[in-house]
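Q: coordinates for the following, if possible.
(one chain, ligands or ions: 1)
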Amino acid sequence: MDRAAVDALVTAATAVRANAYAPASRFQVGAAVRAVDGRVFVGCNVENASYGLTVCAERNAVAAAVAAGARDLVAVAVVTDLDEPARPCGACRQVLAEFGLGMQVVMVGRGGVRRQAMLRDLLPDPFTFGDVERGRQ
Ligand code: THU
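A: So this is what the prediction gives:
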């Protein structure tokens, strides 16, 4: 992905972060995913008084993409305000892998500091529907 596309993804994730609903943690996260056709979908974390119902920014961005018919995702940007950019949590890695194990992960922290990784390096051996098929009775 070229520099302009990465910048656009980071800009989208940074903007949506302002809408994060995080009264419990006060930790705001913005995410944006890029589909293979170039479309960008965003999500923020949405917490709940029943804490376990909280949904991370990344998974909300994936849901927006899938709802729009985009299932082939090539990159994700995750924006927080940490000095060391936050990595996607394990649950989000698994959900991201469903729609693009080869995706590029751009993590952005305070002041725009960036770190990049490939999802396959963050989640080398995901559970897949192939496993489900093999285990079907
Ligand atoms: N959170 C995300 O949105 N993405 C992650 O990858 C890690 C955690 C959110 C969930 C919760 O609202 C807050 O950050 C603190 O865990």
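Q: tell me which residue is most central in the chain.
A: For the chain, the residue nearest the mean C-alpha position is Glu58 (3.0 Å; C-alpha atoms, centre = their mean).
Q: can the longest helix along the chain be found next to the ligand?
A: Longest helix in the chain, counting residues (DSSP state H): helix 3-17. No. Judged by C-beta under 6 Å from any ligand atom, helix 3-17 stays clear of the ligand, getting no closer than 9.6 Å. Any C-beta I mention is one placed from the backbone N, CA and C, and that applies to glycine too.
Q: now stretch 54-72
A: Yes. Residues of stretch 54-72 contacting the ligand under C-beta under 6 Å from any ligand atom: 54, 56-58.
Q: buried residues, that stretch. List them.
A: 55-62, 64-66, 70 (16 or more other C-beta atoms under 10 Å).
Q: got TSV for those residues, with secondary structure, distance to Gln104 and pLDDT too?
A: Shown next, in TSV, are these (DSSP: H, G, I helix; E, B strand; the rest coil; distance: C-beta to C-beta, whole Å; pLDDT from 0 to 100):
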residue	secondary structure	distance to Gln104	pLDDT
Val55	strand	23	98
Cys56	coil	18	98
Ala57	helix	17	99
Glu58	helix	13	98
Arg59	helix	18	98
Asn60	helix	19	98
Ala61	helix	14	99
Val62	helix	15	98
Ala64	helix	19	98
Ala65	helix	15	98
Val66	helix	19	98
Ala70	coil	16	98
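Q: which one of the residues you listed is nearest Phe99?
A: Taking C-beta to C-beta as the measure, Phe99 lies nearest Val62 of the buried residues of stretch 54-72, at 6.2 Å.
Q: looks like the closest one contacts Phe99 (just checking).
A: Yes. Counting by C-beta atoms under 8 Å, Val62 does reach Phe99; the two are 6.2 Å apart.
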